[in-house]
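Visitor: Quick one, structure for this:
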Amino acid sequence: MITLLRLYGQTSNNFIQHIHLDAFCRANGLEYKSPRMNKYYGTYPGLRSAGYGDSVLGMKIQKALSFKPTYHFNKEDNQEVYEKDLLTGRKMYCEGWFFRSPDEVISRYIPIYKELFRPAFDTRPLVEKYLQAPDGEVRIAVHIRRGDYKEWLGGAYYFEDEVYIDKIQQLLTLLNRPAKIIIFTNETNLNLPVYKSAFGDVVVSGKSVAEDHYLMSQCDYILGPFSTFTLWASFIGETKFHHFFKKDETIELDRFRICRGNWW
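Guide: Residues are numbered from 1 along each chain as shown. I've put the predicted structure just below:
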């Protein structure tokens, strides 16, 4: 049995970490437990029924009584070693971010993950308020990531409004269709008027993480800087995404793709 002791990062990272280990265990007939996922059971009841475990305290006690060391996924290019060790059949307690299953393995279980991560809340009000669009109009999710991105990696993926406006305009020119733009952001003082002035039909979600994940996953295109938030929405909704990494980067339609678990 493989037990994940700790979740890595915030919600989107938690989900991505989870599916990589879960898919590997499913593909190889291994039992997988991740009791810390219990904090999501209320929002995604399918997770509870999947049997990942409820008691974090029970997990800690079992770990202590086993006298087994913690196995760390702490090296990015160590996948072959990780897989070999997990396949020994030993009971293992693991943690870390750098375990990866190939897209072709994860893709086998996408229908399962869609059920496990089906939200318990009523999605109809969200659809009516944010996703209704006339025939021929595309829905573009734009992720404006500020906040922590000003410091993360020295602000490499922190962009001002003019950069986002430029990227949106490039995409609209390529699509050559009317569009409804839904902005998802952690910016508390977003200059919404500048976006409305540029594009007209623009709304800001401002919902919970779970609701924003759902809304973003139901759009036609996702555009933004590198982020696991957009990766998860693309994965669970099978929605095309495009990450831009530089302010002078050109948007190209053939670079939009669906995340199947990995982002390279």
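Visitor: what ranges do the strands span in the stretch 51-200 of the chain?
Guide: In the stretch 51-200 of the chain, the strands defined using DSSP state E, counting those that start in this stretch lie at 70-73, 92-96, 138-144, 179-185.
Visitor: Can you tell me the strand partners of the last one and which way each runs?
Guide: Here strand 179-185 has these sheet partners by DSSP bridges: strand 138-144 (parallel), strand 202-204 (parallel).
Visitor: same question for it, mean pLDDT?
Guide: What strand 179-185 shows for mean pLDDT is 95.
Visitor: wait, Arg139 sits on Arg177?
Guide: No. Look at Arg139 against Arg177 with Cβ atoms under 8 Å: they stay out of range, at 10.9 Å. Every C-beta, even on glycine, is put in place using the N, C-alpha and C of the backbone.
Visitor: higher neighbour count, the two?
Guide: Arg139 (21 against 10; other Cβ atoms under 10 Å).
Visitor: Name the spans of this structure whose pLDDT lies under the cut-off.
Guide: Along the chain, the parts satisfying pLDDT under 70 run over 150-153, 155-156.
Visitor: what's the domain layout of it?
Guide: Domain ranges of the chain: 2-116, 124-258, per automatic domain parsing.
Visitor: Now do the helices in this structure.
Guide: Counting by DSSP state H, the chain has helices at residues 11-27, 45-49, 56-66, 79-86, 103-107, 110-116, 124-126, 161-175, 192-199, 209-217, 228-237.
Visitor: now the ones you listed as TSV including mean neighbour count and distance to Tyr93?
Guide: Converted to TSV, these look like this (neighbours: other Cβ atoms under 10 Å; distance: least, Cβ to Cβ, whole Å):
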stretch	mean neighbour count	distance to Tyr93
helix 11-27	21	12
helix 45-49	16	20
helix 56-66	13	5
helix 79-86	14	12
helix 103-107	17	22
helix 110-116	16	22
helix 124-126	12	38
helix 161-175	17	43
helix 192-199	15	47
helix 209-217	21	28
helix 228-237	24	24
